[in-house]
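Undergrad: need a 3D model of the sequence below.
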Amino acid sequence: MEIVGIDVGFGFTKAYNGKNSVIFKSIIGDATDIQFHSVLGDDSSTSNLHITLDDKSYFLGSYAELQSNIREFTLDQEKLLENFFKILAVTAAGLCTDTPAPIHIVTGLPVGYLKRDSKRLKEMITGVHLITFHHPDGKDVIKKIHIDKIHVIPQPIGSIFNLIFDEQGRIIDKILAGQKLGVVDIGFKTTDFSIFDHLQYIERGSSTMDTGISKCFSVIAGKLRQESNINVELFRMFKFIESGMIKIKGKEYNISNLKKRVYTHAAAAIVSDLNRLWENDWDIDSIILSGGGSVELAEYLMSGIEGNIIPIPKNIDARFNNVQGYCKFGRYKWGYSKFLSEQGAEEKIKPAGRGENSETPRDPQPEETETDKPSKGLSWLRRQN
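TA: Numbering: from 1, shown residues only. Coordinates of the predicted model:
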C-alpha cells in the first residue's frame with residue numbers, strides 16, 4: 001500500500017511518500033522543441049520536467065520558466081483547481097512513486113476553500129492516469145498512476161501531524177496531541193489560521209487570509225518596475241529575494257532594505273489578523289509557524305506574536321511540513337503499521353498507547369478512555385472517505 005502526501009500550492013507543488021520528496025514551481029508552460037540539450041547544469045528529476053497527460057504536452061516548474069514561450073502561473077484558487085491541480089498533482093505522484101498499484105493520497109486545501117472544493121478535487125484526480133515523462137536524452141517513460149482513494153484535510157493540520165506522528169503513522173507526541181494548538185501557515189498566496197483542540201478542528205478560530213508572501217513580492221516587483229521599467233514576474237522573484245540583489249539589463253539593484261521594510265509590514269498585518277481572530281482563544285497552549293513563508297517572515301513575527309511559539313527547525317525545509325504530515329496521517333488513517341505487520345515485518349509494530357495485542361481501529365471504539373482524547377479528536381477526520 002503506497003500512501004502519498006501531495007500539496008499543490010500557488011508557489012510550489014510538493015509530494016512525499018515516506019521515502020521520496022519532490023518539489024517544483026507550480027508553473028505550466030507550452031512544450032517546445034529544444035534543439036540542443038546541455039549535459040551541464042541541474043540534472044535532478046524536476047529540472048527538465050516535460051510530460052504528456054491526456055494527450056497534451058507541457059513543460060513544468062523551472063523548465064517551463066526557462067524554456068516555454070507561454071507560461072501559466074496563477075494566484076486564483078478557482079483557476080488553480082480547474083486548470084493546474086490535476087496536471088501538477090499527477091506529475092508529482094508520478095515523480096514520487098514507481099508503483100503501478102493503486103495509491104492512496106492525502107492532500108489539503110486552505111480552510112476557506114475546504115467545504116467548497118473538496119468534492120470537486122476528489123472527482124478530478126480519482127482514477128487511472130497515464131502520464132509520459134519525456135527525458136532530454138530522448139527516452140520516454142510511461143507511468144500508470146492509479147489514484148484509488150483521496151482524503152482532503154485542512155492544510156494547516158498537516159504541520160501538526162508532522163510533529164505528532166512518526167513515519168509509520170503512530171502518535172509519538174501525546175502531550176502536543178492533547179494541547180490546544182494554533183497554526184499559522186504562511187503560503188505563497190494565503191495565510192491560514194487554524195485552531196485544533198485535542199486535534200479537534202475549531203471552526204471559530206480558523207480562517208484564510210490573502211496575506212501570503214506573494215504580496216511582499218508584488219510590492220518589491222512594483223518598486224523595481226518604477227526604477228527599471230521592467231515587469232519582473234512573481235515566480236522569478238524567489239532567487240532574487242533570497243540574495244537581496246537583482247540585475248536588470250546590466251544594472252544591479254539592492255533590494256535588501258526594501259525587503260526588510262516590506263516583510264516587517266507583512267508580519268504586522270499577519271499578527272493583526274491573528275490577534276483579532278484569536279481574541280477569545282487566550283488559552284492556546286502553543287502556536288506553530290509553518291509554510292515556506294514562515295521561514296521568510298519568522299524573525300519579523302516572533303516579536304509580535306504573544307504566546308508559546310514552537311520554533312521552526314533550521315535544518316528542515318518548512319515547505320514540506322504539511323505534505324509530510326499528510327503522508328503520516330494517511331498511514332495512520334489507512335493502518336500502515338498493520339499493513340507492514342501483515343506483510344511479514346520482522347518486528348510487530350504496536351499502535352502507540354495501546355495494549356500488546358491490539359490493532360489500530362478504523363474508528364475510535366466505545367471503550368476508549370479519557371486518555372485517548374487525541375484519537376477522539378482524529379475521529380472527525382477518519383470517518384471521511
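Undergrad: would you work out how far apart the start and end of stretch 269-288 are?
TA: 18 Å (Cα to Cα, to the nearest Å).
Undergrad: ok, residues contacting it?
TA: For stretch 269-288, the surrounding residues in contact (Cβ atoms under 8 Å, 6 or more residues apart in numbering) are 159-160, 163, 176, 179-184, 186, 191, 193, 195, 202, 204-205, 207, 209, 211, 297, 301, 304-305, 307-310. Glycine gets a C-beta too; all of them are placed from N, C-alpha and C.
Undergrad: so G5 sits against T13, correct?
TA: No - taking contacts as Cβ atoms under 8 Å, G5 lies outside contact range of T13: 11.7 Å.
Undergrad: more crowded one of these two?
TA: Just comparing G5 and T13: by other Cβ atoms under 10 Å the higher neighbour count belongs to G5, 30 against 27.
Undergrad: mind listing what the most centrally placed residue in the chain touches?
TA: When Cα atoms, centre = their mean is applied to the chain, the residue found nearest the centroid is D7 (3.7 Å). Contacts of D7 were listed using Cβ under 8 Å, 6+ apart, and they are T13, K14, A15, T107, G108, Q155, G158, N322, V323, Y326.
Undergrad: and after the helix or strand hosting the third one, which helix or strand comes next?
TA: In this structure, A15 sits in strand 12-16 according to DSSP states H and E. Taking DSSP H and E as the definition, the helix or strand that follows strand 12-16 towards the C-terminus is strand 21-25.
Undergrad: and the angle for that next one with strand 12-16?
TA: Computed with axes from the mean of the first three to the mean of the last three Cα atoms, to 10 degrees, the direction of strand 21-25 lies at 170 degrees from that of strand 12-16.
Undergrad: mind checking which of the contacts of stretch 269-288 land in strands?
TA: 180-184, 186, 191, 193, 195, 202, 204-205, 207, 209, 309-310 (DSSP state E).
Undergrad: which among those residues end up buried?
TA: Buried positions within these, assessed by neighbour count (16 or more other Cβ atoms under 10 Å), are 180-184, 186, 191, 193, 195, 205, 207, 209, 309-310.
Undergrad: which helix is the longest one in the chain?
TA: Counting residues, the longest helix found in the chain (DSSP state H) is helix 256-277.
Undergrad: give me the neighbour count for I131.
TA: Summarising burial for I131: neighbours were counted as other Cβ under 10 Å, giving 19.
Undergrad: in the helix or strand hosting it, what counts as buried?
TA: Per DSSP H and E: I131 is located in strand 127-134. Across strand 127-134, burial judged by 16+ other Cβ under 10 Å covers H129, I131, F133, H134.
Undergrad: in TSV, list these along with distance to K86 and pLDDT.
TA: Listed next are the buried residues of strand 127-134 as TSV, based on distance: Cβ to Cβ, whole Å; pLDDT from 0 to 100:
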residue	distance to K86	pLDDT
H129	8	97
I131	10	97
F133	16	96
H134	18	94
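Undergrad: want to try TSV for these, with distance to T52 as columns?
TA: Listed next are these as TSV, based on distance: Cβ to Cβ, whole Å:
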residue	distance to T52
H129	11
I131	7
F133	8
H134	7
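Undergrad: pick the one among these closest to K249.
TA: H134 (33.9 Å; Cβ to Cβ).
Undergrad: for that closest one, give me its contacts.
TA: Counted by Cβ under 8 Å, 6+ apart, H134 has contacts H50, I51, T52, S57, D140.
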